[in-house]
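S.K.: next comes the sequence, and after it the predicted model I'd like to discuss.
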Amino acid sequence: MTDTLDPKQVRQRTFDPSKTGGLNAWLSQTLGGAVTITAAALLGGGAVQENWRLDVTVDGGPHTGAHAWLMRTDAAQRLALSLDREAEFAVLVAAHAAGVLVAAPIVRCVDASVIGRPFLIQAFVAGQAQARQIVRHPELANFGDRLAGVLGQALAKIHAVTPMDGRLSVLPIPMQSPAKVLVAGLKAALADASQHRPALEYSLAWLDTHAPATPRITLVHGDYRTGNYMLDGTKLAAILDWEFAHWGDPLEDIGWLCARCWRFGNDEQSQEAGGIGSRRAFYEAYQKAGGEKINEQSIAYWEVMAAAKWAVIAILQGDRYLSGGETAIELALTGLMAPEMEFDALDGIAAIDAARAKS
Amino acid sequence: MAKSTKPPKAKKLSAETLIALAAETLKAEIVPGLSPEKRYAAAMIANALDIARREITTADDAALWAILDTAYDDGDGTPAQLATDIRVGKITEATHPGLGAKLRTVLIAELKVRNPRFLRSRGLKI
């Protein structure tokens, strides 16, 4: 996220950093202090949206001082499965209030006339979020289990947020098993997809038939994995990418982090949690911090779900290459990855079925 | 009879060879001089070229047709139809025993083209 791009080299952008007057005025009015943007830099990493670092000074009101902020525009088209920025902002506010380490949410603008598209602003958090850099860190063996533990504690805080708090009415509460709701959502998301894939449908049908009961519905991050948290050195600095947040089964996040497709090639048993640390370090810290009781069989189900969900997202991403732009080849190649996740899903299903047949 | 003066026919450069040459040149001549950010884009291009080359040399639909032929009258089935029939529960492990294992075989054929390294990471010898 910290690579800076030259705005001239890429396609037409929503925000024009040479014209900050409208944004200054809107921010000043909304935040109750005179806001001046002193610098704006386009950041890499947003395949479908723009991420800008804004250096600002605020004179007057609760935000007085000099700040670095992150401005994220809405994507031109969002994935059928993801939240819009307004709902995401509400989730960020709730997570921040619950003590989860997130970049503090500052303000949300739904008026497209201010910069050309709705946007949200958070505190800018510097650090390393690149999954491949993190899993290849030369010191990983020394800090991986500690980091896995910290991620377990952070996840327990996320899962402490429940619909009962009444803070997040923007998210729909599942009316049946969250696993079934998720499968239905994935099937619906594939309706307009260019590929209809038998192995994926087989996996989704199995997931539906074997959907577990969820004793306690909680806030689920929905994309909790290496690549979606920021490290400051080897310390956790912020949990990122909340656009897939929803009410659901907390074990979904655990299956997602531990699924083979999110280990980035670090498949040793000592690194099965996110490709960075051991499951034991992650599970123990999570449970000790008040998270759900974990049994391995339930997690195996959610790892199949993770593979199927990532396959669906890959197919949807792949279809977006048609819209062109500098990320077209990346999107097209992502679309071609679906059989990798389907392969893991089928192997996961076979292993669970074999274990059940034995017992 | 007069001897033919026609020159010997040049061997036609195949699409496969052409793509392989392009990928090779990219990796050997271009990539080493690139900045880390551009290197990522170049790696994607090399990957795309490799997939395209294997699409020509390695693509094998036999496993897919083996399923389609048992599930449908000859020639009637398509992957999309099969996907739909699995979704609505018309074709299941109960109606077609071994369906999951057969679908896995289809994926292996597909992954031989798209990502053979993935198959090796899953312990398959290819």
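M.R.: Arrived safely, thanks for sending. Predicted, not measured: the structure shown is a model, and the values here were computed from it.
S.K.: got the residues of chain B near chain A?
M.R.: Proximity of chain B to chain A is confined to B:37, B:41, B:44-45, B:47-48, B:51, B:67, B:79-80, B:82-84, B:86-87, B:89, B:92, B:99-101, B:103-104, B:106-108, B:110-111, B:114-115, B:118, B:121-122 under the rule C-beta under 8 Å from any C-beta of the partner chain. Quick note: C-beta positions are derived from backbone N, CA and C, even for glycine.
S.K.: just the buried residues of these.
M.R.: B:45, B:47-48, B:51, B:67, B:79, B:82-83, B:86-87, B:92, B:99-100, B:103-104, B:106-108, B:110-111, B:114-115, B:118 (16 or more other C-beta atoms under 10 Å in any protein chain shown).
S.K.: what's the nearest residue to residue B:105 once chain neighbours are set aside sitting at in phi/psi?
M.R.: Of all residues not flanking residue B:105 in the chain, residue B:63 sits nearest, at 4.3 Å (C-beta to C-beta, 6 or more residues apart in numbering or on different chains). Per-residue torsions, residue B:63: phi -70, psi -40 (degrees, to the nearest 10).
S.K.: next SSE after the helix ranked longest in chain A?
M.R.: When chain A is parsed with DSSP state H, its longest helix is helix A:296-319. Downstream of helix A:296-319, the first helix or strand assigned by DSSP states H and E is helix A:328-335.
S.K.: report the contact partners of the residue sitting nearest the centre point of chain B.
M.R.: Chain B has residue B:113 as the residue nearest its centroid, 2.9 Å off, counting by C-alpha atoms, centre = their mean. Residue B:113 sits next to B:51, B:54-55, B:58-59 when contact means C-beta atoms under 8 Å, 6 or more residues apart in numbering or on different chains.
S.K.: near chain B, which residues of chain A show up?
M.R.: Near chain B, the residues belonging to chain A are A:3, A:44, A:187, A:196-202, A:204-205, A:265, A:267, A:329-330, A:332-333, A:336-337, A:339-340, A:342-344, A:346-347, A:349-350 when assessed by C-beta under 8 Å from any C-beta.
S.K.: now, those that are in helices?
M.R.: Counting by DSSP H, the residues of chain A next to chain B contribute A:187, A:198-202, A:204-205, A:329-330, A:332-333, A:339-340, A:342-344, A:346-347, A:349-350 to helices.
S.K.: I would like a PyMOL command selecting only the buried ones among these, please.
M.R.: Command for PyMOL that selects the buried part of those, burial taken from 16+ other C-beta under 10 Å:
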select buried, chain A and resi 187+198+199+200+201+202+204+205+330+332+333+339+340+342+343+344+346+347+349
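S.K.: the top helix by length along chain B packs against which elements?
M.R.: Across chain B, the longest stretch assigned as helix under DSSP H is helix B:36-57. Judged by 3 or more C-beta pairs under 8 Å, 6 or more residues apart in numbering or on different chains; DSSP states H and E, helix B:36-57 is in contact with helix A:328-335, helix B:15-25, helix B:99-114.
S.K.: which elements pack onto the next helix-or-strand element following the last one?
M.R.: Of the helices and strands lying after helix B:99-114 in sequence (DSSP H and E), the nearest is helix B:116-121. Packing partners of helix B:116-121 (3+ C-beta pairs under 8 Å, 6+ apart): helix B:99-114.
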